[in-house]
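Enquirer: just need the structure, nothing else, for what follows:
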Amino acid sequence: MTYVELITNVFNELVEAHHSLHKLSEKKKDTIIKGNIDGLSEVVREEGKVVRQIGKLEVERIHAVSQYLQSIGISTEGVTMNDLVKLVPSVDDKKKLQELQGNLTDVILKLQKANDLNQELLQQSLNFVNHSLDLFTESEPDQGTYGNPNQQHGKQQQRRGIFDHKA
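Expert: Numbering: from 1, shown residues only. Below is the predicted model of the structure:
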């Protein structure tokens, strides 16, 4: 197997792993919407496995690219994917690497959008929980820095929440 084939195989695996991570982010979205905490924990564990796999593939990619560059006598520092494509002699290999680069970029962008959405959904869920807790405990809203000077601070009547009432 040539170095270029090795690089291509690693990039194929990276694209597949990122697709798996994207599918999990979609599953996470559905789990968040349903409010399934146990399911969310399971999805996060699965994501961790895929992220570790991606990390291993990244190490393999770096190793394969550096081996190829050393074999053609070029320094590995600062070489981008576009530089690598230019260095590959075969037109077919260039096209394949460019296609893989495009596929990987596309799936990473989709993954980023899905993660942003999931973060927003989680924040909304957290806000809802905090609001619900505030309703149950009837906590006082923050008074801020400035207050009404006519209001007596020492004689404020304390409100009791649902959980603070005597039986």
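
Enquirer: C-alpha only now, for contacts and for neighbours.
Expert: Fine.

Enquirer: now T80: phi and psi?
Expert: Phi and psi for T80, reported as degrees, to the nearest 10, are phi -100, psi 180.

Enquirer: contacting residues for the closest residue in space to N115 that isn't next to it in sequence?
Expert: Leaving aside its sequence neighbours, N115 sits nearest to S25 (Cα to Cα, 6 or more residues apart in numbering; 6.6 Å). Counting by Cα atoms under 8 Å, 6 or more residues apart in numbering, S25 touches L111, A114, N115, N118.

Enquirer: from those residues, which is closest to S41?
Expert: Comparing those against S41 with Cα to Cα places N118 closest, at 13.9 Å.

Enquirer: tell me which element the closest one is part of?
Expert: Assessed by DSSP states H and E, N118 sits inside helix 91-137.

Enquirer: so how far is that helix from its chain's centroid?
Expert: Centroid separation for helix 91-137 versus its chain: 6 Å, with Cα atoms, centre = their mean, to the nearest Å.

Enquirer: ditto for stretch 3-23
Expert: In this view, stretch 3-23 has its centroid 18 Å away from the chain centroid, taken as Cα atoms, centre = their mean.

Enquirer: hmm, back to that, pLDDT averaged over the helix holding N118, what's the number?
Expert: For helix 91-137, the per-residue pLDDT values average out at 92.

Enquirer: check which helices and strands it is in contact with.
Expert: Helices and strands touching helix 91-137, as assessed by 3 or more Cα pairs under 8 Å, 6 or more residues apart in numbering; DSSP states H and E, comprise helix 3-34, helix 81-87.

Enquirer: pick the most buried one from those helices.
Expert: Most buried of those, by mean neighbour count (mean count of other Cα atoms under 10 Å): helix 3-34, with a mean of 18.

Enquirer: that helix: what's the following helix or strand?
Expert: With elements assigned by DSSP H and E, the helix or strand that comes after helix 3-34 is helix 37-71.

Enquirer: tilt between the helix holding N118 and helix 3-34?
Expert: 20 degrees (axes from the mean of the first three to the mean of the last three Cα atoms, to 10 degrees).

Enquirer: what is the burial count for L109?
Expert: Burial of L109 is recorded as 13 neighbouring residues (other Cα atoms under 10 Å).

Enquirer: and the one 10 residues further on, by the same measure?
Expert: Look at Q119: counted by other Cα under 10 Å, it has 14 neighbours.

Enquirer: quick one: contacts for it?
Expert: No contacts exist for Q119 under Cα under 8 Å, 6+ apart.

Enquirer: now it: how far from Q112?
Expert: Distance, Q119 to Q112, using Cα to Cα, to the nearest Å: 10 Å.
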